[in-house]
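Asker: Next comes the sequence, and after it the predicted model I'd like to discuss.
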Amino acid sequence: MSSRISMVPIIFLIALFTATTATAGTGLFGGVNFPTGDFNSGASTGWNVGGYYTIEMATILDIGLTAGYSDFGSESSGNSLNAWEI
């Protein structure tokens, strides 16, 4: 009985990953950044852009990568505050 119970999770995982075909999705996003709090005193309204790639491994599991770039213009010095997101 104990060996039958220990095989249930393994059989479930094999069925989960082999029962579906993998599908992939890509996309782009962008928008406006509005600084708030203490950050608002040194940064002005900015913009962001990015993209993503996802692979559906199973009906309940997606794996993906998202990358983006955000830019805030500086109110005081003219320098730009920016950040990469991965």
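Answerer: Arrived safely.

Asker: show me where the chain has helices.
Answerer: 2-18 (DSSP state H).

Asker: For it, which segments count as strands?
Answerer: Under the criterion DSSP state E, the chain carries strands at the ranges 23-33, 43-58, 61-74, 80-85.

Asker: Rebuild the ones you listed as TSV, extending it with mean neighbour count.
Answerer: Backbone N, C-alpha and C define where each C-beta goes, glycine included. Compiled in TSV, the strands of the chain are given as follows (neighbours: other CB atoms under 10 Å):
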stretch	mean neighbour count
strand 23-33	11
strand 43-58	15
strand 61-74	14
strand 80-85	12
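
Asker: Redo those as a markdown table? Include mean pLDDT.
Answerer: Below are the strands of the chain laid out as a markdown table (pLDDT from 0 to 100):
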| stretch | mean pLDDT |
| --- | --- |
| strand 23-33 | 89 |
| strand 43-58 | 86 |
| strand 61-74 | 85 |
| strand 80-85 | 67 |
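
Asker: Quick check: the gap between residue 33 and residue 41.
Answerer: 15 Å (CB to CB, to the nearest Å).

Asker: With residue 26 instead?
Answerer: For residue 26, the distance to residue 41 - CB to CB - is 38 Å.

Asker: Same question for residue 64.
Answerer: 35 Å.

Asker: isn't residue 68 right up against residue 31?
Answerer: No. Assessed by CB atoms under 8 Å, residue 68 is found out of contact with residue 31, at 9.9 Å.

Asker: Are there residues contacting both of those two? Which ones?
Answerer: In terms of CB atoms under 8 Å, 6 or more residues apart in numbering, residue 68 and residue 31 are both contacted by the residues residue 48.

Asker: any idea what sits nearest residue 26, other than its immediate chain neighbours?
Answerer: Nearest residue to residue 26, sequence neighbours excluded (CB to CB, 6 or more residues apart in numbering): residue 53, at 5.1 Å.

Asker: scratch that, residue 70
Answerer: Among residues not flanking residue 70 along the chain, residue 48 sits closest, at 4.3 Å (CB to CB, 6+ apart).

Asker: Now for the one you found: which residues touch it?
Answerer: Contacts of residue 48 by CB under 8 Å, 6+ apart are 29-33, 68-71.

Asker: Look up how far residue 65 lies from it.
Answerer: 17 Å.
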